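Got a sequence here, can you build the structure:
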Amino acid sequence: MAAGFGISGGRIGACGDDKRARLFIENMSDSDVDISRMRRKKGSTGQCACLVDAGGNRTMRPCLSTAVMFPVRRR
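Numbers count the residues shown, from 1 in each chain. So this is what the prediction gives:
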């Protein structure tokens, strides 16, 4: 929205400390998106494929292996 229509926008969320995160943050900054509320976490950045058909129907396929971590309880 910021780059295409000149509307101010921002992103709230988290990303990892990997190459994908650096590229994402660089692209958002270059497009004047406010990323001041983005948090960095250790590990990989999550991924999601967004598919849109000719009728505008959307399907999202997240790769949860990098986005979800379960704590391990040790005995």
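
which residue is nearest the middle of this protein?
residue 15 (6.3 Å; CA atoms, centre = their mean).

In contact with residue 25, which residues are there?
15, 35, 38 (CB atoms under 8 Å, 6 or more residues apart in numbering). The C-beta positions use only the backbone N, C-alpha and C, and glycine is treated the same way.

Report the mean per-residue pLDDT for the helix or strand where it lies.
According to DSSP states H and E, residue 25 maps onto helix 19-30. Averaging pLDDT along helix 19-30 gives 91.

Buried ones in that helix, by neighbour count?
Residues of helix 19-30 classed as buried: 21, 24-25, 28 (neighbour count, 16 or more other CB atoms under 10 Å).

From residue 57, how far off is the nearest residue to residue 20 once chain neighbours are set aside?
Among residues not flanking residue 20 along the chain, residue 45 sits closest, at 4.3 Å (CB to CB, 6 or more residues apart in numbering). Residue 45 is 26 Å from residue 57, where distance means CB to CB, to the nearest Å.

What ranges does the protein have for its strands?
Per DSSP state E, the chain carries strands over the ranges 13-15, 38-40, 47-52, 58-63.

do you know how far the residue nearest to residue 20 is from residue 58?
21 Å.

Contact partners for residue 41?
With contact taken as CB under 8 Å, 6+ apart, residue 41 is in contact with 14-17.

and of the residues you listed, the nearest to residue 63?
Of all the contacts of residue 41, residue 16 has the smallest distance to residue 63: 12.5 Å, by CB to CB.
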